[in-house]
Structures are given as C-alpha cells and as structure tokens.
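K.L.:
Predicted model and sequence below, questions to follow.
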Amino acid sequence: MSDPKEPKVNERMEKIVSLCKRRGFVFQSSEIYGGINGFWDYGPLGAELKRNVKDAWWRSMTQQRDDIVGLDASIIMHPKIWEASGHTSTFSDPMVDCLLTKKRFRADQVDPQSGTAYFYTGATAGGKTCNEPYSVLVPPGKPAESARKIACQFYTARGLENPELQGERSEVTKDSTRYNPENGSLLTDPRPFNLMFKTYVGPVESQDNVAYLRPETAQAIFAQFKNVLEVSRQKPPFGICQIGKAFRNEINPRNFTFRSREFEQMELEFFIKPDEVAKASPASTEPIAEGQPQPQWGWKEWHQYWVDERVRWYESIGLSRNTLEFYWQKPEELAHYAKATVDILYQFPFGTQELEGIAARGDFDLTQHQKFSGKPMEYFDEETKARFVPHVIEPSAGVDRLVLALICNAFQEETVTDEKGKTEVRTVMKFHPRIAPIKVGVFPLLKNRPELVKKALEVRDLLRPHMSVFYDEAGAIGRRYRRQDEAGTPFGVTIDFDTLGEKPELLNTVTLRERDTMKQTRVTIEELVPLLVSKIR
Ligand code: GAP
C-alpha cells in the first residue's frame, strides 16, 4: 500500500539500500530469521556514522554552550509519567483491519479506491446462517464474480462450507478508504491503537506491574527538571538535553529506517520564562549582538532562535539549507501540548519528510507533572522575586532519520575516466569529514614490500590517536581507493617509494588523495596530523 504523501521507493533509494547492506551501514535486524519489521541494525560503518552524528549534536548542545546540560535517563519509567504526559490516553493512531486477512493499516494511509461495491446481508450453508453484513469493492470493469469469490472466502472463514450469499446489491463507489486496496475486502471501522510498547516490571504479569518502553526521551527531562535545576545551578533560560532510544509500535514501519519501531532521539527541552515574566525583565546594559538571546525574549523569539540554530547545525554536518524545507504546522495539526511547531524536512528520494520537529510546548509538561506527582515544578527567581513554571521550546530530532538523510545526501554515482581512457561509474559517499565513519585510509603502494608496509603502519599509528583510520594493503591501489570512496572516507594517504627516499627530495612525504575531487597532493608526514585534524573537526 502506498501513502500519497510518501511516493514509492524509487530506483535511487533501492541503490542506497543495497549499498547500505553491501558496505555494512545498515542491516535488517534478525535477518537470519527472516527479519523483524521496523527494526534495524547498524553495521561497522553505520555504527561509526551514527556515533559521529550523536557526538556532533552532543558537543554542539552541551560542550559548546554554557546554558545546556545533559541527562541520560532510563528507558522504563514510572507509568504515571505517561498518564501525566497524555501518552496513555492520546498517543495513538487510528487503525483499520482487513476483515478477510486481518492485515492492519493506518486509517489515514489507506489509498482511496473507486469501482463497484457489492454488499451482502449474510450467507447460509447446510442449515447454518451467518448474518454478518459484508462488502467487497471491485475495480471498474471487473465482474461481480470476483466480489462473490472474496465474499465466499469471508463467510467460509466464519464457519460456512460452500456458502450461499444473501441479499447482494451493488453501488458505484468513488474514492472510498473503507476497502483493503490489496484485495477489495471491507475494513473495520477505525480504532485508536496505542503506540507504546507494554511490558511488566517484576515477575508478575498483572495490571499493577504494567510499564512502557518510552515513546520519547522528552518526558524523563521534565520528570528530572527539579533535580537537574538544583545541581546545575542554571536558571531559565536554560536547557536539558538527552540522546537515547525510543520505541513506538508503528502500525506501518516504512521507507527503510525512516519510520522504525525502535529508534533514537536527540531532544532538547529549553526552559524559558513565560512571556509576562520575560517582558518585564530589565533590558541588558551590555550591548547584545543581533540574533543573540535577549532577556526579554518571549516564546516566539526563542522558537525562531532554535529553528535557526538547528539549521546552522545541519549545515555544519553537510546538509545544506537547500536540501531542507520548513513546515509550520496548522493550528488543527498541532499536538495537544503545542502552541506552534515547525518541522524541518529533508528531501529524501521517497519524498520530502520530517527530520526534526521544533515545538513550543508552553508549560504543559511541567504543569502536568506538578499535578500528577504533587511535587512543585516552579522556579523562583531570587533577583526579580518572580515565581513561575517555565515554558518550553523543544527541538526534537531523530538520529536514525538524520543518518538516513546523510546517507541519501552523500550517495553519488559519477562517471569517471582513467588514464587509459576507460570510463566507469564511481560510487562515492560524500559525507562531510566531520561525520564520515572513517576519516582516512592508509595504503602502502605494494603489500609485498616490507619497507613500504612498515612505513605505512607507522603513519597509521601516527594518525590513530587523532581520528579513525583504515589500513588497507589488499589489491590494486585504484581498487582500494574505490572501496574507501564507497565507505565515504574523505582522505587517503599512500606510502610509495618516494616516501622512502627514492627521490631524495620527497623523503618522508606521502600522497594525500581527496575523495571528492580525487586530486592527489604531496605532503610531508609531519604535516599530516594538523592538516587532517583541521579538516575533520
Ligand atoms: N518529544 C517530541 C517528539 O517525540 P515527534 O515528532 O513524535 O516528537 C521527534 O518525534 C522526532 O523523532 C521526529 O522528528 C523523528 O525524527 C523521530 N521519530 C519519531 N518517530 C519515529 C519513528 N517511528 N522512526 C524513526 N524516527 C522517528
């Protein structure tokens, strides 16, 4: 079934998925048992890439700022947290089941169908009757017989052998979402399906012991707000951020890792003064540069500030502004807690889709936890004597979606011609050096010359404390370059006979190859560390 908002996986996407498996970026989870829908594993290159993305986010949020601190909370928390947040009652998707096959769909993702609908009041067989009404939609031009065949299967499944259909009537139908697009069978009415994974804490599987795998990391931050506030000596405006796993029992996982059932989030909850407190704040006596936070900023200014900051960060890891789009949610689309939400979208090969949501959550969460826990969540400002529950701006990004966007963004096929005039397609992953899984490949020109190998291993050991290095001595040098192109390694260092002093003026120099331009320059071994470090940081 396809979603009108998410076009079918195209050829480019197929190539990307195949490269991900072939090169060890992403594998299907439990593949040897046929896989498990909505779960993915990251292979050697994917694990490095993901780690680099998370490190870059963490550094930009915590280590490069004074006003944000980190948290690493548990995945299973007190179930009251999800009552307070509204997840127990409202975190659900409307879902429909096929009455024939029991296959489940998200109601809002069923493609509209047109044709003739055949209705039955029931069926009989050998003195038995089933009075359950049923209907089947057949596409234009298809005979009534095909509807009858499906209807007979339906009543057979209800215990009637060779059923005789009752009360058939037909109706021309246009754009109906009541039928399974795969077989025309009627679907159930939509029912809410809670997306939280349930488990039991302790040995007894009773209602009292029900707990949930967190569907977002955010709530732990709200629940720990007071503790963090106390120990960090921060005061609003300030933020608490977290990276961690989240779980959602998505009805329709799709588009490779884009919508998974287990994924990671990078979330910041940035606590600000309510508008009425902020606007009354004294103006700063210091001159403040344009765009820099001001004491009187209300939620709208902070919201815009975080949208700008997040875009800057995406640019810093290689997603240029022109690959991103912004979607301001309409009032009727906003989550129950949000005053405004901007989605940052990326142009995936399967459609332009959300990478991150930046929501202005007001004081909803802290107020709810105050109510449900009975513990005060207010902040008292000694200076102004103001007492308030802080409001929140929340930039919330998915790690896996971002990794997928970076993979899609990096993937390129180029036609190249070698010195002998032979053309071939070069597959190259043009990752920004900051997030590339491997930063540099080190190659002795020939593996059967111990002096070259020895020098190459020395260079590897020189670089290793500063960056991830891949040493490769197997095969022709061109083949080794191509392997690293596919892995997205931005630099290659080759140790040849000149390195050993065949041309005395080139002693202790190596060739440095740049992945994107394939240009090679000669640099001294001494220069390598500072040169490469300046490009990967
Ligand atoms: N705390 C707010 C929150 O969780 P969300 O829009 O539901 O908001 C935030 O999720 C981000 O988490 C999304 O923008 C997306 O990047 C990621 N995400 C959500 N559901 C996902 C899924 N099923 N698979 C992969 N990533 C997902």
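P.N.:
Done, it's in. Note that the structure is predicted; figures quoted are calculated from it, not measured.

K.L.:
going forward, measure contacts between C-alpha atoms and count neighbours the same way
P.N.:
Fine.

K.L.:
who's in contact with Arg310?
P.N.:
For Arg310, the contacting residues are Pro395, by C-alpha atoms under 8 Å, 6 or more residues apart in numbering.

K.L.:
Now it: which helix or strand?
P.N.:
helix 299-316 (DSSP states H and E).

K.L.:
Then Lys21?
P.N.:
Using DSSP H and E, Lys21 falls within helix 11-23.

K.L.:
from the chain's centre, how far out does that helix sit?
P.N.:
17 Å (C-alpha atoms, centre = their mean, to the nearest Å).

K.L.:
Show me what it is packed against.
P.N.:
strand 26-28, helix 399-410 (3 or more C-alpha pairs under 8 Å, 6 or more residues apart in numbering; DSSP states H and E).

K.L.:
Give me the helices and strands touching the next helix or strand along the chain from the first one, please.
P.N.:
Translated: strand 26-28. Sequence order places strand 40-42 as the next helix or strand after strand 26-28, per DSSP H and E. Strand 40-42 sits against strand 26-28, with contacts defined as 3+ C-alpha pairs under 8 Å, 6+ apart.

K.L.:
For the strand it packs on, what does the pLDDT average out to?
P.N.:
When pLDDT is averaged over strand 26-28, the result is 98.

K.L.:
Repeat that for stretch 265-282.
P.N.:
The pLDDT scores in stretch 265-282 average 92.

K.L.:
Can you list the buried residues in that stretch?
P.N.:
265-275, 277-278 (16 or more other C-alpha atoms under 10 Å).

K.L.:
before we move on, what about stretch 307-325?
P.N.:
Applying 16+ other C-alpha under 10 Å to stretch 307-325 flags Val307, Arg310, Trp313, Tyr314, Glu315, Ile317, Gly318, Leu319, Leu324 as buried.

K.L.:
Same question for stretch 424-444.
P.N.:
Result for stretch 424-444 [16+ other C-alpha under 10 Å]: buried residues 426-444.

K.L.:
Out of the buried residues of stretch 307-325, which is nearest to Val392?
P.N.:
Val307 (13.9 Å; C-alpha to C-alpha).

K.L.:
Pretty sure the closest one sits against Ile358.
P.N.:
Yes - counting by C-alpha atoms under 8 Å, Ile358 is a contact partner of Val307 at 6.8 Å.

K.L.:
Pull up the overlap in contacts between these two.
P.N.:
Going by C-alpha under 8 Å, 6+ apart, residues that sit against Val307 and also against Ile358 are Val342, Pro395.

K.L.:
for the helix holding Arg310, what is the average pLDDT?
P.N.:
97.

K.L.:
Around the ligand, pick out the residues from the chain.
P.N.:
By the rule C-alpha under 6 Å from any ligand atom, the part of the chain lying against the ligand is 216, 218, 248, 258-261, 263, 265, 354-357, 396-398, 400-401.

K.L.:
What about the residues you listed, which are in helices?
P.N.:
Using DSSP state H, the members of these that fall in helices are Ala218, Asp400, Arg401.

K.L.:
show me where the stretch 201-350 of the chain has strands.
P.N.:
210-212, 238-247, 262-272, 324-328, 340-348 (DSSP state E, counting those that start in this stretch).

K.L.:
what's the shortest one in contact with?
P.N.:
Meaning strand 210-212. Contacts for strand 210-212 (C-alpha under 8 Å, 6+ apart): Ile76, Met77, His78, Pro79, Met196, Phe197, Lys198, Thr199, Tyr200, Val201.
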